[in-house]
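K.L.:
The sequence isn't on hand, but the structure is:
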């Protein structure tokens, strides 16, 4: 069982920045593929970014490419999502997700990001 705890959400004006953090339990964090999804009101959950355990591969949704950066600190069992040039359409609950080497997927409880125009 992997527990994920997100933090760093909040209210920001358009054009501003936020950094989300996701702390994971487990002793094999380096083997986890970590990712971020988001869900806006009335919409389905959508992929934002992911990062492999080694950090060698990072993938972004087209909607955030060039503005968001996912990174990880394996020593702290933490993955980050740096969000710059935020837009009102980025408003959503952001979820951290982990996929273990065994293929199990876990989700955090989510953190609200609100971008005002």
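P.N.:
Structure's in. What do you need? Because the structure is predicted, anything quoted here is derived from the model rather than measured. Residues are numbered from 1 along each chain as shown.

K.L.:
Name the residues that touch stretch 72-81?
P.N.:
19-26, 29-30, 34, 36, 48-49, 51, 53, 55, 68-71, 94, 96 (C-beta atoms under 8 Å, 6 or more residues apart in numbering). In this view, the C-beta of every residue, glycine as well, is placed from N, C-alpha and C.

K.L.:
what about 6 Å?
P.N.:
Contact with stretch 72-81 is made by 19-24, 29-30, 34, 36, 51, 55, 70-71, as judged by C-beta atoms under 6 Å, 6 or more residues apart in numbering.

K.L.:
And the residues you listed, which is closest to residue 7?
P.N.:
Nearest to residue 7 among the contacts of stretch 72-81 is residue 21, at 5.1 Å by C-beta to C-beta.

K.L.:
Any regions of the protein where pLDDT drops low?
P.N.:
Where the chain drops to pLDDT under 70, the residues are 55.

K.L.:
can you give me the strands in it?
P.N.:
Ranges of strands in the chain, per DSSP state E, are 4-7, 10-13, 18-24, 33-39, 46-51, 58-60, 68-73, 78-83, 92-99, 105-107, 111-116.

K.L.:
These into TSV, with extra columns for mean neighbour count?
P.N.:
TSV is the format used below for these (neighbours: other C-beta atoms under 10 Å):
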stretch	mean neighbour count
strand 4-7	18
strand 10-13	13
strand 18-24	20
strand 33-39	22
strand 46-51	19
strand 58-60	15
strand 68-73	18
strand 78-83	23
strand 92-99	22
strand 105-107	15
strand 111-116	17
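
K.L.:
Now do the contacts for the residue most central in space within the chain.
P.N.:
Nearest to the mean C-alpha position of the chain, counting by C-alpha atoms, centre = their mean, stands residue 36 at 3.1 Å. Neighbouring residues of residue 36 by C-beta under 6 Å, 6+ apart: 48-49, 81.

K.L.:
Show me what it is bridged to.
P.N.:
residue 49, residue 96 (DSSP bridges).

K.L.:
ok, now residue 10?
P.N.:
With DSSP bridges as the rule, residue 10 is bridged to residue 113.
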